[in-house]
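J.: how would this look folded up:
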Amino acid sequence: MEVVQDVTSLLKELNELLAPYTPPRNTWNPADESLYKPLDLYRVPLEEAKDMQLKAIKYTFAHHYDNNDFYHKHCEMGNVRPDDIKTHDDLDKIPLIPHAEFRKQVKDVLGIPDTHCSDSYRMCEGNGLMVQCPEGHYLRAPYTYYEPLVPDDELMPMGYGIRGCFAFLYALAQSYPGFIKFEDRVQLLEHCPVCGRPGPVLEPDIQRVNGEEMRGCAEELRMILARDLAR
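T.: The predicted model follows:
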């Protein structure tokens, strides 16, 4: 309980520092309220959070329904309107946009071709952004300072073409040793077999190992705060 109180105190101080960068409360829409109103986004009572989420998503859904011609037509095809969203369960009715169709709209509306709109993969522990080649095939590594690896259980590299856990040697990390193994399962190839560009690539099909804990940056930060404040 003491840790929670200490975190709450720190969050209040942080919110006071961020107040000049937060929109005035009297201008908040439901989406703004869902972000700025909670003191701690990860400790909101579930029913309260679901109510805020419903209002926020319904507001944004109505915004795009009214202002985005493409999405309006997409919703008409599915026969769904903002008035149909009355409860949290109704969120399942909101039409999703297939990834390929979204990228097509980026090209048609913004004029950005597929060759300039690429998926990427990275870890927060290393600034080695792996980006698809312009043709959208495999994930290329910045191999002048970043060595992607697939090690075995003894942490020895297994070479190319074998699926296993991802690891890297990251030369730009000076404050910590950027030589780390992760739990994501990948397949590393010596070069893209489609476009033939040099340098190692990952197949786009990246999977999480079953049973491994899902942890992102927010969870890592929460764990660090809880550990340090408990001392």
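J.: Please list the outside residues in contact with the biggest helix by length in the chain.
T.: What stands out as the longest helix in the chain, according to DSSP state H, is helix 46-67. Helix 46-67 has contacts (CB atoms under 8 Å, 6 or more residues apart in numbering) with 29-31, 33-34, 37-38, 44, 71-72, 75, 81-82, 85, 87-88, 91, 94. C-beta here means a position set from N, CA and C on the backbone, and glycine is covered the same way.
J.: List the buried residues in it.
T.: For helix 46-67, the neighbour count (16 or more other CB atoms under 10 Å) marks 52, 53, 54, 55, 56, 57, 58, 59, 60, 61, 65 as buried.
J.: hmm, which two among those residues are most spread apart?
T.: 52 and 65 (20.1 Å; CB to CB).
J.: now, which of the contacts of helix 46-67 lie within helices?
T.: Counting by DSSP H, those place 30, 31, 33, 34, 71, 72, 75 in helices.
J.: Using JSON lines, please lay out those residues together with neighbour count and pLDDT.
T.: Below are these laid out as JSON lines (neighbours: other CB atoms under 10 Å; pLDDT from 0 to 100):
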{"residue": "30", "neighbour count": "17", "pLDDT": "94"}
{"residue": "31", "neighbour count": "17", "pLDDT": "94"}
{"residue": "33", "neighbour count": "15", "pLDDT": "93"}
{"residue": "34", "neighbour count": "22", "pLDDT": "93"}
{"residue": "71", "neighbour count": "17", "pLDDT": "93"}
{"residue": "72", "neighbour count": "13", "pLDDT": "95"}
{"residue": "75", "neighbour count": "20", "pLDDT": "95"}
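J.: Taking those residues, tell me the two that lie furthest apart.
T.: 33 and 72 (25.0 Å).
J.: what sits up against the strand of greatest length in the chain?
T.: Scanning the chain for the strand with the most residues, using DSSP state E, yields strand 179-189. For strand 179-189, contacts defined as CB under 8 Å, 6+ apart pick out 123, 125-126, 138, 148-151, 155, 160-170, 200-203, 205-209, 212.
J.: could you flag which of those residues are buried?
T.: Counted by 16+ other CB under 10 Å, those give 123, 126, 138, 148-150, 164-170, 200-202 as buried.
J.: one step back: in a markdown table, list the ones in helices among the contacts of helix 46-67 along with distance to residue 144.
T.: Listed next are the ones in helices among the contacts of helix 46-67 as a markdown table, based on distance: CB to CB, whole Å:
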| residue | distance to residue 144 |
| --- | --- |
| 30 | 47 |
| 31 | 41 |
| 33 | 46 |
| 34 | 42 |
| 71 | 41 |
| 72 | 46 |
| 75 | 46 |
